[in-house]
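# Show me the folded form of this:
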Amino acid sequence: APPVSRRRLLSARPPVPMAAKRKQEERHLKLLREMTTLLHNRKCFDCDQRGPTYADMTIGSFVCTSCSGILRGLNPPHRVKSISMTTFTLQEIEFLRTHGNDEEQRKIK
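This next block holds a predicted model:
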């Protein structure tokens with residue numbers, strides 16, 4: 001029998017796992033977007049600008065684009081992820097849910 005090409009092997013795989021992964025990522029993004037609509041998460045944790053677009057995974061808060069750049073420049077740098085351009089694991093979403101801007105503000109006061 002002639003050898004089976006790698007291309008043929010790859011094309012024979014069912015697309016189901018990829019579709020399931022994409023659906024899961026969409027659910028996670030929906031959860032994140034819902035979290036940013038909560039009153040205490042509607043503004044940047046650091047500067048109060050409306051509509052944060054990044055998540056600070058070091059402390060679990062939501063921040064704006066400007067503050068995300070500043071946080072990345074700190075030593076040691078904070079781990080900052082774009083809400084719309086990155087994927088989040090369920091553990092990361094739970095971390096943000098249990099921390100968030102409100103909880104972090106309480107720690108400062």
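
# the helices in this protein, which residues?
Assignment of helices within the chain using DSSP state H yields the ranges 6-11, 16-36, 65-73, 90-98, 100-108.

# So for the last one, mean pLDDT?
With pLDDT averaged residue by residue, helix 100-108 scores 75.

# mind listing what the closest residue to residue 62 other than its chain neighbours touches?
Take residue 62 and drop its neighbours on the chain: the residue closest to it by C-beta to C-beta, 6 or more residues apart in numbering is residue 52, 3.8 Å away. (C-beta placed from N, C-alpha, C; glycine too.) Applying C-beta atoms under 8 Å, 6 or more residues apart in numbering, one finds that residue 52 lies in contact with 36, 41-45, 62-64, 83.

# Pipe the residues you listed into JSON lines and attach distance to residue 100 per row.
Below are those laid out as JSON lines (distance: C-beta to C-beta, whole Å):
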{"residue": "36", "distance to residue 100": "10"}
{"residue": "41", "distance to residue 100": "6"}
{"residue": "42", "distance to residue 100": "11"}
{"residue": "43", "distance to residue 100": "12"}
{"residue": "44", "distance to residue 100": "13"}
{"residue": "45", "distance to residue 100": "9"}
{"residue": "62", "distance to residue 100": "7"}
{"residue": "63", "distance to residue 100": "12"}
{"residue": "64", "distance to residue 100": "15"}
{"residue": "83", "distance to residue 100": "13"}
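
# If you rank the residues you listed by neighbours, which is first?
When neighbours are counted as other C-beta atoms under 10 Å, the busiest of the contacts of residue 52 turns out to be residue 62, with 29 neighbours.

# pretty sure it is touching residue 103, no?
No - at 11.5 Å, residue 62 and residue 103 do not qualify as touching, with contact defined as C-beta atoms under 8 Å.

# Let's have the helices of the chain in JSON lines, adding distance to residue 56.
Conversion of the helices of the chain to JSON lines gives the following (distance: least, C-beta to C-beta, whole Å):
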{"stretch": "helix 6-11", "distance to residue 56": "38"}
{"stretch": "helix 16-36", "distance to residue 56": "13"}
{"stretch": "helix 65-73", "distance to residue 56": "6"}
{"stretch": "helix 90-98", "distance to residue 56": "9"}
{"stretch": "helix 100-108", "distance to residue 56": "9"}
